[in-house]
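Trainee: coords please:
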Amino acid sequence: MVVARGMPGDPRLDEDLAGGPGDRGPPASRGNYYVYCPPGQGEIVFKSLFRTTIAAVAALVLANFAAGTASAEDKGVQATLKYSVETVQKAAADALTVIGCEIKKNDAGYVEGYRSHKIGVFVGSGGETVSVKVTAGSDGATNVDIRTKKSFVGMAGQKNWDQPVLDEMTKSLAATPAPEPAATSGS
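Mentor: Residues are numbered from 1 along each chain as shown. Below you'll find the predicted structure:
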């Protein structure tokens, strides 16, 4: 198969295809591109080119969609909880496990989990990394900052887990006895 660019009767086209269509079969044209191929094969060549073009356009559209979605910044969810840092950190690790995360980091003041990819009908889900920063606040309270990072692969099927993690943490903490005020020595 020979592909050449030009208009019918263009001398450059004739030079590129020296010898003419003879053993190549008749030219088949789309626009100003001519494809010389074996007799009876022109239809197959154009079907293949059409499929390749459609696949390339679809890939560009998906890449453009993913790039637009990826630029959205996650501001996260912040909250203040009236429990100790240790209790809140344990609740954060438990909450990440409940939503399907595998704990990757559990350092002092920071818990991070990863949801593995799952296959779906049109798009998959999973692939998110959820992090919880735990810091001591005033009056024995603890501040939390929860953020979800989406991966590039499967972004259309991924979701933001900030609020579900906070909800699971508050459920877990509600089952925990409230801290007692520190005892002060009297006179």
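Trainee: pLDDT score assigned to Glu86?
Mentor: Reported pLDDT at Glu86 in the predicted model: 94.
Trainee: do the one 10 residues further on as well
Mentor: Note for Leu96: predicted pLDDT of 95.
Trainee: Can you tell me which helices and strands whatever helix or strand it lives in packs against?
Mentor: Leu96 is part of helix 85-98, with elements assigned from DSSP states H and E. Judged by 3 or more CB pairs under 8 Å, 6 or more residues apart in numbering; DSSP states H and E, the packing partners of helix 85-98 are strand 102-107, strand 110-114, strand 129-136, strand 142-149, helix 162-174. Placement of C-beta: from N, CA and C, glycine included.
Trainee: and stretch 112-132, average pLDDT?
Mentor: Here stretch 112-132 scores 80 as its mean pLDDT.
Trainee: if I've got this straight, Pro177 is in a helix?
Mentor: No - counting by DSSP: H, G, I helix; E, B strand; the rest coil, Pro177 is not found in a helix; it is coil.
Trainee: and it, how many residues sit next to it?
Mentor: Residues lying near Pro177 (other CB atoms under 10 Å) number 7.
Trainee: ok, now how distant is it from Ser84?
Mentor: Going from Pro177 to Ser84 by CB to CB, to the nearest Å gives 12 Å.
Trainee: Outline the domain layout of this protein.
Mentor: Domain assignment for the chain by automatic domain parsing gives 2-70, 77-174.
Trainee: Counting neighbours, what do you get for Tyr110?
Mentor: Each residue near Tyr110 was counted by other CB under 10 Å, and the total is 15.
Trainee: for the protein, which spans come out with low pLDDT?
Mentor: Scanning the chain for pLDDT under 70 picks out 1-48, 60-74, 120-124, 153-157, 178-187.
Trainee: ok, 50 please
Mentor: 1, 15-26, 29-30, 67-72, 187 (pLDDT under 50).
Trainee: of all the helices and strands packed on helix 85-98, which lies closest to Phe50?
Mentor: Nearest to Phe50 among these is strand 142-149 (38.6 Å), distances taken as CB to CB.
Trainee: outside of that closest one, which residues touch it?
Mentor: 74, 76-85, 87-88, 92, 128-137, 159-162, 165-166, 169 (CB atoms under 8 Å, 6 or more residues apart in numbering).
Trainee: what's the burial count for the spatially closest residue to Asp145 that is not a sequence neighbour?
Mentor: Nearest residue to Asp145, sequence neighbours excluded (CB to CB, 6 or more residues apart in numbering): Lys133, at 4.3 Å. Neighbours of Lys133 under the rule other CB under 10 Å: 16.
Trainee: What's the separation between Lys133 and Ala59?
Mentor: Lys133 sits 37 Å away from Ala59, going by CB to CB.
Trainee: go on, Val165?
Mentor: As for Val165, its distance to Ala59 is 34 Å (criterion: CB to CB).
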